[in-house]
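J.: here is a sequence with its predicted model. Questions after.
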Amino acid sequence: MSRLEALVARSPAVVAAGRWNRRRLCVLAYHGVDDRPNFERQLDWILEHRRPVDLDEALAVLDGSVAADGAVLFTFDDGHRSVLEAGVPAMVQRRVPGVLFVVAALVGTDAPYWWDEVESLSLAGGTTSVVDATAGRQLVSALKLVPDASRRQAIEELRASAPTPARRRPQLQASELREIERHGIVIGNHSYDHPILERCDADGLERQVGASHALLSEAIGHPPAAFAYPNGDEDDRVVAAVDRAGYRVAFRFDHRLAVTPSADRLRVGRVRVATTTTLDRFRMIVTGLHPALHHAVGRR
């Protein structure tokens, strides 16, 4: 956090933004829980200054049937084990609900996320310099911009040419997903295997939405009600596929508070945050000041 940002975080602007934006729904978008003590500080701040809600109440807020009044919904993307191992205990202790969006094809496997695999394979020759790591991340970014068929072909070629396979990663089991739901964190869909949905053809899109919906319904014993777009990317075609699958709500990754009542429950904004985010910046994010400044300077 910059010195200027630290000063802004303690300024009257945060208080003013917080008061103004209590009428909006703040949907927090995390990934893993990498710093449990700091995450607990974030939870405690929310409990003191805001109102954590579950998915059903968030939907009521989006419909306008319940006032937002500082409502905050915790969400987590990708299904990292750390959510179960560190996040869920901290949330259960404080009775804070949430939503965990999982990648359906990875449930019950030890397969890595494709972006981790690409980075791992790009380093498979044994080099681990900063330059090599940066090149791996740049390759991941480039693959997000090409048609999905081209991305998959590039990954297959990388697997064939790498001297060693990518590191494996234990994923959540179906039984663990049901356990998580019993603790008040509902399971949502984050696609079949996390491509950029806009880059998928019609058959691929149906697999990413329809096939993943069927897999998760079987895994948790009921149809998931919420969808999170991988990378936050969507277009009219993607949204229509999610609508056809019967989802009640779908979330972006656009670093915006959600306006309530919502004009489109299949395009609900979320603010990006991490468990390592300092409490000063966390306050700026939740109150809406950080997202406003972020978009004012033209960042996505």
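T.: That came through, no problem.
J.: from here on, contacts and neighbour counts on C-alpha atoms
T.: OK.
J.: buried ones in stretch 172-190, by neighbour count?
T.: For stretch 172-190, the neighbour count (16 or more other Cα atoms under 10 Å) marks 172-174, 176-178, 180-181, 183-190 as buried.
J.: end to end on it, go ahead and measure it.
T.: With Cα to Cα, to the nearest Å as the measure, stretch 172-190 spans 14 Å from end to end.
J.: average pLDDT for it?
T.: The pLDDT scores in stretch 172-190 average 98.
J.: neighbouring contacts of it?
T.: Identification of contacts with stretch 172-190 by Cα atoms under 8 Å, 6 or more residues apart in numbering yields 54-55, 77-81, 84, 88, 92, 96-104, 106-109, 212-213, 216, 219-220, 224-230.
J.: ditto for stretch 58-66
T.: Contacts for stretch 58-66 (Cα under 8 Å, 6+ apart): 25, 57, 67, 68, 71, 73, 249, 259, 260, 261, 262, 265.
J.: okay, among the buried residues of stretch 172-190, which ones form the most distant pair?
T.: Taking Cα to Cα as the measure, these span a maximum distance of 20.0 Å, between 183 and 190.
J.: how about low-confidence regions in this structure?
T.: Residue ranges of the chain with pLDDT under 70: 1-6, 8, 124-133, 297-300.
J.: still on that earlier bit, inside helices: which ones of the contacts of stretch 58-66?
T.: Members of those lying in helices (criterion: DSSP state H): residue 57.
J.: can you redo the contacts of stretch 58-66 as TSV with neighbour count and distance to residue 286?
T.: As requested, the contacts of stretch 58-66 are arranged in TSV below (neighbours: other Cα atoms under 10 Å; distance: Cα to Cα, whole Å):
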residue	neighbour count	distance to residue 286
25	30	10
57	17	18
67	19	17
68	24	13
71	23	10
73	21	11
249	21	21
259	18	14
260	19	16
261	20	18
262	18	18
265	18	20
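J.: tell me which of the contacts of stretch 58-66 is nearest to residue 208?
T.: Nearest to residue 208 among the contacts of stretch 58-66, with distances taken as Cα to Cα, is residue 249, at 16.5 Å.
J.: before we move on, back to that, buried ones among the contacts of stretch 172-190?
T.: The neighbour count (16+ other Cα under 10 Å) marks 54-55, 77-81, 84, 88, 96-104, 106-107, 212-213, 216, 219-220, 224-230 as buried among those.
J.: picking up where we left off before, ok, of the contacts of stretch 58-66, which one's closest to residue 292?
T.: Nearest member of those to residue 292, counting by Cα to Cα, is residue 259, at 13.2 Å.
J.: from residue 253, how far out is the closest one?
T.: For residue 259, the distance to residue 253 - Cα to Cα - is 15 Å.
J.: picking that back up, save the contacts of stretch 58-66 as a markdown table, and put in distance to residue 283 too.
T.: Shown next, in a markdown table, are those (distance: Cα to Cα, whole Å):
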| residue | distance to residue 283 |
| --- | --- |
| 25 | 15 |
| 57 | 22 |
| 67 | 21 |
| 68 | 18 |
| 71 | 14 |
| 73 | 15 |
| 249 | 26 |
| 259 | 19 |
| 260 | 20 |
| 261 | 23 |
| 262 | 24 |
| 265 | 25 |
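J.: tally of neighbours for residue 14?
T.: Other residues within reach of residue 14, judged by other Cα atoms under 10 Å, total 21.
J.: for the stretch 151-300 of the chain, which segments count as strands?
T.: Using DSSP state E, counting those that start in this stretch, the strands of the stretch 151-300 of the chain run over residues 185-189, 226-228, 249-251, 271-272.
J.: tabulate these (TSV), appending distance to residue 156.
T.: Formatted as TSV, the strands of the stretch 151-300 of the chain follow (distance: least, Cα to Cα, whole Å):
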stretch	distance to residue 156
strand 185-189	25
strand 226-228	26
strand 249-251	30
strand 271-272	31
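J.: which one, of those, ends up nearest to residue 290?
T.: Closest among the strands of the stretch 151-300 of the chain, using Cα to Cα: strand 271-272, at 9.4 Å.
J.: picking that back up, list the ones among the contacts of stretch 172-190 that fall in helices.
T.: Among those, the ones falling in helices (DSSP H) are 55, 81, 88, 92, 212, 213, 216, 219, 220.
J.: just flag the most distant two among these.
T.: 92 and 212, at 27.5 Å, using Cα to Cα across the ones in helices among the contacts of stretch 172-190.
J.: ramachandran angles for the residue of the chain most remote from its centre?
T.: Distance to the chain centre peaks in the chain at residue 163, reaching 32.4 Å (criterion: Cα atoms, centre = their mean). Backbone torsions of residue 163, given as degrees, to the nearest 10, read phi -70, psi -30.
J.: what residue lies at the spatial centre of this protein?
T.: Nearest residue to the geometric centre of the chain (Cα atoms, centre = their mean): residue 77, 3.1 Å.
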